[in-house]
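Take a look and give me a structure for this.
(2 chains)
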Number of protein chains: 2
Amino acid sequence: MSIRIGIYGYGNLGRGVEAAVRQNKDTELVAVFSRRNPDSVKIATEGVPVVAADSVKDYKDKIDVLIICGGSATDLPVQTPELAKTFNVIDSFDTHANIPTHFANVDAAAKEGGNVGIISVGWDPGMFSLNRLYANAILTDGVDYTFWGKGVSQGHSDAVRRIDGVADARQYTVPVPEALESVRNGENPELTTRQKHTRVCYVVAEEGADKAVIEEQIKTMPNYFSDYDTTVNFITAEEMARDHSGLPHGGLVIRSGKTGLNSEHNHIIEYSLKLDSNPEFTASVLLAYARAAHKLSQEGVSGCKTVFDIPPAYLISLSHEEIISHLL
Amino acid sequence: MSIRIGIYGYGNLGRGVEAAVRQNKDTELVAVFSRRNPDSVKIATEGVPVVAADSVKDYKDKIDVLIICGGSATDLPVQTPELAKTFNVIDSFDTHANIPTHFANVDAAAKEGGNVGIISVGWDPGMFSLNRLYANAILTDGVDYTFWGKGVSQGHSDAVRRIDGVADARQYTVPVPEALESVRNGENPELTTRQKHTRVCYVVAEEGADKAVIEEQIKTMPNYFSDYDTTVNFITAEEMARDHSGLPHGGLVIRSGKTGLNSEHNHIIEYSLKLDSNPEFTASVLLAYARAAHKLSQEGVSGCKTVFDIPPAYLISLSHEEIISHLL
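Residues are numbered from 1 along each chain as shown, chains lettered A, B, ... in the order given. Predicted coordinates for the structure are as follows:
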């Protein structure tokens, strides 16, 4: 029998989960829950209802795992604990500083409901976290590096869009090639913020706007840009639509560490992602962990988990014999 | 209290485990077991006994995990099941075709003894296997590639050494850059053996040996070289000692996969290792899994496991709070 999936929140991430369910034959989509008027939400899968978010609990016995596709700032801190009382849940909570609190809240709610909640699933946090952990467990004496990009940062794009005279904007985060090369060579450099990443902006200015002023405002914006070398390119709305409509992203996690009686040998472990669609890849990770949540729940487990707690075999639909024969 | 480690077999890998124990403060080395005369074996750690392999069972209550450092061809198929009756054990069994049989043998023995056995630990099988599994679980629609090198293949080096007139030899396996680039670009090429790797040999010829004959014998050797583009370089014994005394290795696991309603987005997941010392890195992985075996055993688990069965958190000496704060 298929794993019955519900999607809670139908933005880019929710649409990504929908596409992922269609690729994974051991899963099926039962319903999409939205805070918008359900009649106004058109989804890609025929025959699957769009249901008002308020009515989600009516689906208690119809859904094995609910994948919550809200934002980390205000949605998930409320939604995940609340929904974990009723469903096995997965989220992509990514506000690092607040993960311990979120974990505790989801843990209490999931245990109360006898459910499994897996939080902070995706690629960072998520696959990058796993690779940091594995690499730290193996190379005890070492240094970690995380680079992001080349990819679109939605937070930074939004920050540019809020500037007066900006009609549209897209911001790419790009690792500095020289920094990356130094890390890969095992030189263990100490890198400042500026030395690790550059920021590249594409901006559509409103008619009559002063481009020099916009550029200056971007480059000096605290937190977002002032600590980086930033390039600003003004383009037309047509160029924006043609060249920058996607949401590519990616990045690298590298650990450089030493072994040997006298620390004489160096090792580089590198994990990298090059993603055409950030939300679709994240959604694919969420669905793999939904599979794990379902298995754990069937075993009688309850409470909050992270990617660190899940045996890898639980993520895949293949049998023990198949993974030993084909993947080990 | 430290995790008490025994090393069974003291070759390159056993020495690597010894070095790894010295780097991991939550572990301590209790004894090294050798089939050689113990008096003839000198180890690097003062105060730790070298004990005859025959007497290993006397250490039943003194060792938490025994790391078995024998070869896959004839040692491990016998040693791991036998020792799993008495100890929690880790091995690096890497004869892919025989893993299911080895698993069954170790599973029966470990259950009989109430112990945990984790087999096929290292980087391939091991970390590469894990990355194949994670990537397959995430990108259901995709293609896997594994490249090895640049690194020393001991089996191929031995094969060259067996040729008449060869005094010493070292063989490096090298990925073909064009193949790697095509895979990284998401072109999903179908690659023959010859298109994926080249082989580079460094050979010290005996005096008076016919180098042209040696080179021809290498290049036409079935299984080992005939399917590859092979380069043979004749060097002096001094050059061999100076430039080729290490055992570097590494490689890459790449999955290229598609997502989206119409498979319109491509993603590349790449995991790569660049290792100065193949045995020391493998040993470091073994020790991390020894930590996991100890925790599982304390929880009352018994039987055979692989890297696919172990929750990542079990590999590291940090607490739940620490990994959530620092690595997630």
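
ok, A:L327 touching B:A135?
No - using C-beta atoms under 8 Å, A:L327 is not in contact with B:A135, being 9.5 Å away. For the C-beta atoms, the positions are set from N, CA and C on the backbone; glycine is no exception.

Am I right that A:I214 sits in a helix?
Yes - A:I214 forms part of a helix when assessed by DSSP: H, G, I helix; E, B strand; the rest coil.

if I read this right, it contacts A:V232, doesn't it?
Yes - counting by C-beta under 8 Å, A:I214 touches A:V232, with 7.4 Å between them.

so what sits against both of these two?
Common neighbours of A:I214 and A:V232, using C-beta atoms under 8 Å, 6 or more residues apart in numbering or on different chains, are A:V203.

What does the residue nearest to A:N136 when sequence neighbours are not counted show for phi and psi?
Excluding the flanking residues, the one nearest A:N136 by C-beta to C-beta, 6 or more residues apart in numbering or on different chains is B:I316, at 6.2 Å. Dihedral pair for B:I316: phi -120, psi 150, per degrees, to the nearest 10.

Surely B:I316 is in contact with B:L287?
No - here B:I316 lies out of contact with B:L287, judged by C-beta under 8 Å, at a distance of 11.3 Å.

okay, the two: which has more neighbours?
B:L287 (28 against 21; other C-beta atoms under 10 Å in any protein chain shown).

Report the buried residues of the one helix or strand the more buried one maps to.
For B:L287, the element it lies in under DSSP states H and E is helix B:278-298. For helix B:278-298, burial by neighbour count (16 or more other C-beta atoms under 10 Å in any protein chain shown) applies to B:278-297.

Do the following helix or strand past that helix and chain A come into contact?
Scanning forward in sequence from helix B:278-298 by DSSP H and E, the next helix or strand is strand B:303-305. No - Strand B:303-305 stays clear of chain A (C-beta under 8 Å from any C-beta of the partner chain), getting no nearer than 9.0 Å.

what's the following helix or strand past strand B:303-305 packed up against?
On the C-terminal side of strand B:303-305, the nearest following helix or strand under DSSP H and E is helix B:320-326. Judged by 3 or more C-beta pairs under 8 Å, 6 or more residues apart in numbering or on different chains; DSSP states H and E, the packing partners of helix B:320-326 are helix A:99-113.

got the angle for the helix it packs on vs helix A:278-298?
On the basis of axes from the mean of the first three to the mean of the last three C-alpha atoms, to 10 degrees, helix A:99-113 is oriented at 40 degrees to helix A:278-298.

Mean confidence (pLDDT) on helix A:99-113, please.
Confidence over helix A:99-113, taken as the mean pLDDT, stands at 98.

buried sites along that helix?
Within helix A:99-113, the residues that count as buried by 16+ other C-beta under 10 Å are A:I99, A:H102, A:F103, A:N105, A:V106, A:D107, A:A109, A:A110, A:K111, A:G113.

Count the neighbours of the residue of the stretch 101-250 of chain A at minimum distance from chain B for me.
Nearest residue of the stretch 101-250 of chain A to chain B: A:A137, at 3.8 Å (C-beta to the nearest C-beta). Using other C-beta under 10 Å, A:A137 is surrounded by 25 other residues.

Who are the packing partners of the helix or strand encompassing it?
Taking DSSP H and E as the criterion, A:A137 maps to helix A:127-138. Packed against helix A:127-138 by the contact rule (3+ C-beta pairs under 8 Å, 6+ apart) you find strand A:142-148, strand A:249-259, strand A:265-275, helix B:127-138, helix B:278-298.

Touching that helix from outside, list them.
With C-beta under 8 Å, 6+ apart, helix A:127-138 has contacts from A:120, A:142, A:144, A:146, A:251, A:253, A:255, A:257, A:269, A:271, A:273, A:285, A:306-308, B:127, B:130, B:134, B:138, B:269, B:271, B:281, B:284-285, B:288, B:291, B:312-313, B:315-316, B:318, B:323, B:327-328.

was I right about A:A167 contacting A:Y202?
No - the pair A:A167 and A:Y202 does not pass the contact test of C-beta under 8 Å, sitting 11.6 Å apart.

Who has more neighbours out of those two?
Set A:A167 next to A:Y202 and count neighbours by other C-beta under 10 Å: A:Y202 wins out with 21 against 13.

Output the helix or strand where the more buried one lies as CSV, nothing but the C-alphas.
In this assignment (DSSP H and E), A:Y202 forms part of strand A:197-205. Only the C-alpha atoms of strand A:197-205 are listed here, as CSV (Å, rounded to 0.1, in the frame of the first residue of the first chain):
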residue,chain,number,x,y,z
HIS,A,197,31.2,34.7,-1.1
THR,A,198,30.4,37.4,-3.5
ARG,A,199,26.9,38.7,-4.2
VAL,A,200,25.7,39.5,-7.7
CYS,A,201,22.4,41.4,-8.2
TYR,A,202,20.3,41.8,-11.3
VAL,A,203,18.0,44.8,-10.9
VAL,A,204,15.1,46.2,-13.0
ALA,A,205,14.9,49.9,-12.2
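
Can you tell me the strand partners of it and which way each runs?
Taking DSSP bridges as the criterion, strand A:197-205 forms sheet pairs with strand A:166-175 (antiparallel), strand A:229-234 (parallel).

Quick check: which of those strands is buried the most?
strand A:166-175 (a mean of 20; mean count of other C-beta atoms under 10 Å in any protein chain shown).

can you list contacts of that strand?
Contacts for strand A:166-175 (C-beta under 8 Å, 6+ apart): A:147-153, A:156-157, A:159-161, A:163, A:196-206, A:209, A:214, A:237, A:240, A:244, A:251-252.

mind running it again at 6 Å?
For strand A:166-175, contacts defined as C-beta atoms under 6 Å, 6 or more residues apart in numbering or on different chains pick out A:147-150, A:152-153, A:156-157, A:160-161, A:197-198, A:200-204, A:206, A:240, A:244.

How far does that strand sit from its chain's centre?
Averaging C-alpha positions (C-alpha atoms, centre = their mean, to the nearest Å) puts strand A:166-175 19 Å from its chain's average.

Done for today, thanks.
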